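Asker: Sequence and predicted structure, then a few things I'm wondering about:
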Amino acid sequence: MFDFLDSDWFIITLEIVFVILIAYDIKKYIETKKKEYITNIVLTLGFAIWTLYPMYTSYFGWEDKQKQEMLLACNEMKDVNATKLCNCVDETIFKNFTYKEFSQKDTNSKEYQEFMKEAKEDCLDDGWF
C-alpha cells in the first residue's frame, strides 16, 4: 500500500518540502527575530535528518566497483527485457541493503526469496508508482 515511500521521487519531494519549510522559518526569523522560528528550524532539521538518513545510507553502502560487478552480470545477458529486469532488481538491492548486509544474506532464506519476488513484481509492474 505504501510502496511509493521507497521511490526516488518521493524522497526528492520530501527534501523540497523540508527546504521550503526551513527557508520560510529563516525568512520569518529575519523579519521578526522571534526565537520560536529558531526552534522550528532546529526541529525541521532534526526531523529531516531522522527521516532522510535511512534512505541515504543504502545508497552509500556500495562502492562503485561493487555495483559494477553486479550490473556486469546483467549486461552479459542477451535478452533486453531480462537485462532491464536484472538492472531494476539490482537497483532495488542497492536501495535496500548495504554491500555488507547483502553479502551476509542467506540467499536460500524465505525472507530473501520473498524480497526478490516482490522486487521482480515491482520491476515488471507498469503502474504509476
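Answerer: On my side now, so go ahead. Residues are numbered from 1 along each chain as shown.
Asker: From now on I want contacts and neighbour counts done on CA atoms only, so please keep to that.
Answerer: OK.
Asker: Point out where the chain drops to low pLDDT.
Answerer: 1-7, 57-60, 76-78, 80, 126-129 (pLDDT under 70).
Asker: Which residue ranges of the protein form helices?
Answerer: With DSSP state H, the ranges of helices along the chain come out as 8-32, 35-60, 64-75, 80-96, 99-104, 110-124.
Asker: May I see the buried residues of the first one?
Answerer: Buried residues in helix 8-32, defined by neighbour count with 16 or more other CA atoms under 10 Å: 11, 18, 21-22, 25-26, 29.
Asker: Next, the angle from that helix to helix 80-96.
Answerer: 40 degrees (axes from the mean of the first three to the mean of the last three CA atoms, to 10 degrees).
Asker: Ok, the longest one next?
Answerer: Counting by the same axes, to 10 degrees, helix 35-60 points 130 degrees away from the direction of helix 80-96.
Asker: circling back to that earlier point, of all the helices of the chain, which gets the most neighbours per residue?
Answerer: helix 80-96 (a mean of 17; mean count of other CA atoms under 10 Å).
Asker: tell me what it is packed against?
Answerer: On a contact count with 3 or more CA pairs under 8 Å, 6 or more residues apart in numbering; DSSP states H and E, helix 80-96 meets helix 35-60, helix 64-75, helix 110-124.
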